[in-house]
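In: structure of the sequence below:
(2 chains)
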Amino acid sequence: MINDTLYKRRYIIAAIMTVVVVVYIIRLFSLQILNDKYAERADSNALLRKTQYPPRGLIYDRNGELLVFNQPAYDITLILREMSDKFDTIGFCNALNIDIDFFNKRMAYIKDRRKNRGYSRYTPQIFMTQLRPEEIATLQETLYMYPGVSIQNRTLRDYTYPNAAHVLGSIGEVSQKMLDEDPYYQRGDYAGRDGIEYTYEKALRGEKGTEIMLRDVRGRIIGKYENGAQDIEPHAGTDLTLTLDIQLQIVAEQLLNGKIGSVVAIQPATGEILALASNPTWNPALLVGRPRSKNYADLVHDKTKPLMNRATQAQYSPGSTFKTIQALVCLQEGGITENSVFPCNGPSSSPIKCTHHHGSSITLLNAIEQSCNPYFWGAFRETLEKNGYGEKNALFKAQYEQWRKDVMSFGLGQRFSDTDLYEQSRGYIPTKEFYTKYYGETGWRALTIRSLSIGQGEILVTPLQLANAISAIANEGYYITPHLNKCDSLLKHKHFTNVEPQHFAIVKEGMFHVFEYGTGRYYKLQDVSMCGKTGTVQNSQGKDHSLFVGFAPKEDPQIVLAVVVENAGFGATWAAPIASLLIEQYLMGKIERKDLFNRISTTVINPDVKKR
Amino acid sequence: MSRNVRIKYALDWTTVIMFLGLVLFGWLNIYGASYTFDQTNIFDFGHRAGKQFIWILTAFGLGGILLLIDSKMYNLFAYIAYGVVVALLIITPFLAEDVKGSRSWLSLGPVSLQPAEFAKVATALAIARFMNTYGYKVRSLKDLFIPALLIFIPFFLIMIPQKETGSALVFVSFLLMFYREGMNGIILWLTLVAIVFFVVVIRFGTVPLPIGTGTWGFFSCMLFILLLQVGMLFFKERKKKETAFLSGGIVFAFLAGIIINNWYSVNFNYLSIGIILAANIYLAYIALVSRKTKLGWVILFSICSIIYCFSANYAFENILQPHQKTRIEVLLGITDDPQGDGYNVNQSKIAIGSGGFAGKGFLNGTQTKLKYVPEQDTDFIFCTVGEEWGFLGTAGVLIVYWLFLMRLLKLAERQKDTFSRVYGYCVASIFFFHLMINVGMVLGVMPVIGIPLPFFSYGGSSLWGFTILLFIFLRLDAARLEKLR
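Out: Residues are numbered from 1 along each chain as shown, chains lettered A, B, ... in the order given. The predicted structure follows:
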């Protein structure tokens, strides 16, 4: 009965079965152990990571007044796979108060992989961003009717005052560069793009959280993954207190009304910036939310360049305001003493004429008071030619380098590297190489560069640098790098000038005389010992720039100011009263000289300046 | 004539323990697959795991009853059972409701049964009974006519009116049993070659040859035939001179084709057919001269192969349903469609692959529970094993299954009568076929044919069907000691 040799065939059959099982085990080994792409895909299938956006840090002024806070905003996202064919497009558009064309355009954009690189039918795609609560109210109530649509909470910036736009900066969508550099950001995130929002982005933004939800094949949220054990709580951003005095800032912006120019106010003892105004400016609320892009474009295309922070980015020759620093450097280098005198022939002086009328053989004190050009030319020449010219002018050039270093020790002609001001220009104190290249090794002498003696010519400074240099005078020999964040660590950035303290008294006295007897005398405040220096700067753009630097009170300086009004004429006419009114505002807390305030704040010097 | 042996001692407990292990592990996975985060009780009868628990208990009861029945009764009632099942299969399409395009479920009050699952048992019994006939032996193909007919009737009834392709194809596995019982092994190899030719012709049917016209798919099949012809002549017939002549001719013909191709475009598909036919004439000449009839088979095989390869492409393009065609295309990697027809397999690979070495842990799988994997507690239950128990779980299950199959073969071989042995091989073949197709489908190496994984997939009919299949065999095995030596 039993088959004889056929029983051997059981081995063939067993072998077939074994081969299949072994092949499958190998296949499983490669699927489950060698290959890890499946684990990632499983995660992206089933886990919906909802980003929890933290509230951004608030910003206060030095007196604790709230300047910048958050308002709720909403993004609308779509998961295309869940939007059925019966999606009520018209209802959806009506709920959002948009037209069908806009809807179709957005959908086309979302689906275009070239423009929308993160496109997937399975993940939320951003349809509209930064809607205000009233804009989404209707949709919120009927959200259940639109499968695949969800509303994501965000926050937008809101501002107490329409001021200080340049200082505060704004928030915008992260750029490709930021995405590449910082893995924290995801496409569509918002980050500080300029001003203090940019500098302190990392502190202000806080830490995003993640909520991990389980999502089934139809995209329905089933619940929290592991009951939220893997969720990450968002951490609110750190609040920031600025050194700004918002009331002073408001007054500064009002005074600049209708003018192109800037104001820098610093507390000299601390380097804290009390006001930093640049005009034309705008209401920071214009660059929030959906109108941002339109308004931003508007600012970009404005001929008056409102986006430029003139207080820190505009570069001017300092003109007569530089004579204060010139005097100090010449004293330090021994080119002059406090008692040196130079002749002045008034407007017929040579090679530089004087714009003022005063007695000849003038002293340093009077030269500062009267802003005597020939005196400073003489002092400058004496300083540079102190050692003669030497072989191939080497001695002269070395002395020029020394002069340059002394000037730069006041923080001029270089960016402040230890500050929190993002937008800065460098300014320029010409190098000896610059002149050598231009005139040849021996082709230039003190006479060649005589414009420098009165702060004209190639020398360029920013209003911030100028104010800081005056801080160093107020402090008699040092400055603390100007900054915006009111915190102790920044107070340690103390820099000493090359000029020794004993030389400052005479210059301060000269600046005091400016307000007592000189170009600033009309704007002296009762009972306040004010020091200052006006400047009327020739420039290639038209009418002279009106400049003023100063500080008060003389004995214990509380505030240093640098004011620039472009193409406004004499420094004494515009910049000086602005500075005077700001000193009043800061020291008295209010302005009594209402007539002067009204006259300055309502005068339009440049009709192109728009008020935003 | 028989000894009364207590079933407790005669029963093969090794198999029973493996059966229990697979069923219970399967049950845990059904619980895992249908677990919906809010449900906590595995015995909740409103859910699948709870329902399956009832099916398992009744299946155990059924197995116990089958063990108590006298083993001779199975032989006795084999044809009757077959007749009843065939009758059920005939009436089913008329009574059944359309479920996903197939009419195979009979509703009996609260439960539904699928007669196709029981057709396997009845057919296996009927064939075993027939082959147990005194003096029956598989010597040539015609001896297989009646068994083939016994298979064909349920095969046809399940395939065509009920549209249950998967359940019908299970009968193909009986080839293994026939092979064991003496069917010519060539049939197994021919089946294999047919599958390989089909896959190659379809898979590479659109890949052009580097020179001339023609496709890699068809051309490589033709090359295989030529190699077979030369090989047979050399290895089987030991004709060195003729082999050299034939291979020289083939190489010359191809070189000529390549040269002519410089002026006229040569279709190498047709050229290779021409060469095969010419080689056949030469082989026929040798066969006639030296009376080597084996060469005749080679000639027959090569001609049939040419016709087959030609028609495979035609059948693929014109006879298969579009959805079957895309399934095959996706399986063969011709088209990639992770959201459409490839979705199921793609998701099942994700689920299994994400399990890693040790899995995500019991009830911690996300892909199956969130229903990314279709049919996650029936045909694709292996995904849950893969996701929650990892490679340890899947390899473990496969190894237990392998041991189970080996054990069944061992039991089948130790039977003293043909009836039990044939039935035993049928049982082993059916389990093997289900394992191979189901796991292969989940792993993306077999086409998506919906057949359950025995003991794992949710469903009363299949669990009952497999339990009956196995326990009848265990009863027959226990009875081998009852027979006198």
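In: buried stuff in stretch A:72-82?
Out: Applying a neighbour-count criterion of 16 or more other CB atoms under 10 Å in any protein chain shown, the buried positions in stretch A:72-82 are A:73-82. Every residue, glycine included, has its C-beta placed from N, CA and C.
In: how far away from the center of its chain is it?
Out: 33 Å (CA atoms, centre = their mean, to the nearest Å).
In: with stretch A:293-302 instead?
Out: 18 Å.
In: buried residues, it. List them.
Out: Result for stretch A:293-302 [16+ other CB under 10 Å]: buried residues A:295-296, A:299, A:302.
In: likewise for stretch B:348-359?
Out: Within stretch B:348-359, the residues that count as buried by 16+ other CB under 10 Å are B:348-356, B:359.
In: what's the answer for stretch A:46-64, then?
Out: In stretch A:46-64, counting by 16+ other CB under 10 Å, buried: A:46-49, A:51-62.
In: from the residues you listed, which ones fall inside strands?
Out: Using DSSP state E, the subset of these located in strands is A:47-49, A:51-52, A:59-60.
In: let's have the residues you listed in JSON lines, adding distance to residue B:481 and pLDDT.
Out: Converted to JSON lines, these look like this (distance: CB to CB, whole Å; pLDDT from 0 to 100):
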{"residue": "A:47", "distance to residue B:481": "58", "pLDDT": "77"}
{"residue": "A:48", "distance to residue B:481": "62", "pLDDT": "74"}
{"residue": "A:49", "distance to residue B:481": "64", "pLDDT": "76"}
{"residue": "A:51", "distance to residue B:481": "71", "pLDDT": "80"}
{"residue": "A:52", "distance to residue B:481": "71", "pLDDT": "82"}
{"residue": "A:59", "distance to residue B:481": "93", "pLDDT": "95"}
{"residue": "A:60", "distance to residue B:481": "95", "pLDDT": "96"}
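In: now, the most widely separated pair of the buried residues of stretch A:72-82?
Out: A:73 and A:81 (26.2 Å; CB to CB).
In: where's the most centrally placed residue in chain B relative to residue B:411, distance?
Out: In chain B, the C-alpha nearest the mean C-alpha coordinate belongs to residue B:433, at 3.8 Å (CA atoms, centre = their mean). The gap separating residue B:433 from residue B:411 is 18 Å, by CB to CB, to the nearest Å.
In: and what of residue B:234?
Out: Note on residue B:234: its distance to residue B:411, by CB to CB, is 43 Å.
In: so the helix or strand harbouring residue B:169, near chain A or not?
Out: Assigned by DSSP states H and E, residue B:169 falls within helix B:165-169. No: applying CB under 8 Å from any CB of the partner chain, one finds helix B:165-169 separated from chain A by no less than 15.7 Å.
In: which strands or helices does that helix pack on?
Out: The helices and strands touching helix B:165-169, judged by 3 or more CB pairs under 8 Å, 6 or more residues apart in numbering or on different chains; DSSP states H and E, are helix B:115-131, helix B:145-159, helix B:418-442.
In: orientation of the shortest one relative to helix B:115-131 in degrees?
Out: Here the directions of helix B:145-159 and helix B:115-131 differ by 180 degrees (axes from the mean of the first three to the mean of the last three CA atoms, to 10 degrees).
In: I'd like to know the average pLDDT value across helix B:145-159.
Out: Helix B:145-159 shows a mean pLDDT of 91.
In: where do the strands sit along chain B?
Out: For chain B, the strands defined by DSSP E cover B:106-108, B:111-113.
In: please identify the most buried of the ones you listed.
Out: Comparing the strands of chain B by mean neighbour count (mean count of other CB atoms under 10 Å in any protein chain shown), strand B:111-113 ranks first with a mean of 16.
In: count of neighbours near residue 192?
Out: Going with chain A. For residue A:192, the count of nearby residues is 23 (other CB atoms under 10 Å in any protein chain shown).
In: ah, I was thinking of chain B
Out: For residue B:192, the neighbour count with other CB under 10 Å is 11.
In: quick check: longest helix of the chain.
Out: Picked chain A for this. When chain A is parsed with DSSP state H, its longest helix is helix A:9-29.
In: please refer instead to chain B.
Out: Taking DSSP H as the assignment, the helix of chain B that covers the most residues is helix B:381-413.
In: buried sites along that helix?
Out: Result for helix B:381-413 [16+ other CB under 10 Å]: buried residues B:381-391, B:393-395, B:397-398, B:401-402, B:404-406, B:408-412.
In: and it with helix A:9-29, angle?
Out: Calculated by the same axes, to 10 degrees, helix B:381-413 forms an angle of 160 degrees with helix A:9-29.
In: for residue A:276, helix, strand, or coil?
Out: Following DSSP: H, G, I helix; E, B strand; the rest coil, we place residue A:276 in the strand state.
In: contact partners for whichever residue of chain B sits closest to chain A?
Out: Nearest residue of chain B to chain A: residue B:353, at 2.5 Å (CB to the nearest CB). Counting by CB atoms under 8 Å, 6 or more residues apart in numbering or on different chains, residue B:353 makes contact with A:31-32, A:35, A:37-39, A:41-42, B:386.
In: most neighbours out of those, which is it?
Out: residue B:386 (37 neighbours).
In: not counting its neighbours along the chain, what's nearest that residue?
Out: Spatial nearest neighbour of residue B:386, excluding adjacent residues (CB to CB, 6 or more residues apart in numbering or on different chains): residue B:352 at 3.2 Å.
In: could you tell me the angle between the helix or strand bottoming out on mean pLDDT in chain B and helix B:418-442?
Out: Every helix and strand in chain B was compared by mean pLDDT, DSSP states H and E; the lowest is helix B:322-331, with a mean of 71. For helix B:322-331 against helix B:418-442, the angle by the same axes, to 10 degrees is 80 degrees.
In: okay, helix B:322-331 in PDB with CA atoms only?
Out: What follows is helix B:322-331, C-alpha atoms only, in PDB (Å, rounded to 0.1, in the frame of the first residue of the first chain):
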ATOM      1  CA  PRO B 322      -8.200  46.600 -15.500                       C
ATOM      2  CA  HIS B 323      -8.000  46.400 -11.700                       C
ATOM      3  CA  GLN B 324      -6.300  43.000 -11.900                       C
ATOM      4  CA  LYS B 325      -3.900  44.400 -14.500                       C
ATOM      5  CA  THR B 326      -2.900  47.400 -12.300                       C
ATOM      6  CA  ARG B 327      -2.500  45.200  -9.300                       C
ATOM      7  CA  ILE B 328       0.000  43.000 -11.200                       C
ATOM      8  CA  GLU B 329       1.700  46.100 -12.600                       C
ATOM      9  CA  VAL B 330       2.100  47.600  -9.200                       C
ATOM     10  CA  LEU B 331       3.300  44.300  -7.800                       C
END
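In: nearest residue to the residue of chain B closest to chain A in space, please, no chain neighbours.
Out: residue A:38 is the one closest to residue B:353 (CB to CB, 6+ apart), at 2.5 Å.
In: if I look at that neighbour, how far off is residue A:277?
Out: 60 Å.
In: same question, residue A:230
Out: 49 Å.
In: what does residue B:230 give?
Out: 96 Å.
In: who has more neighbours out of the two?
Out: Under the criterion of other CB under 10 Å, the comparison of residue B:230 against residue A:277 puts residue A:277 first, with 32 against 17.
In: could you give the bridge partners of the more buried one?
Out: Beta-bridge pairing for residue A:277 (DSSP bridges): residue A:263.
In: list the contacts of it.
Out: Here residue A:277 is in contact with A:164, A:166, A:249, A:252-253, A:256, A:262-263, A:311 (criterion: CB under 8 Å, 6+ apart).
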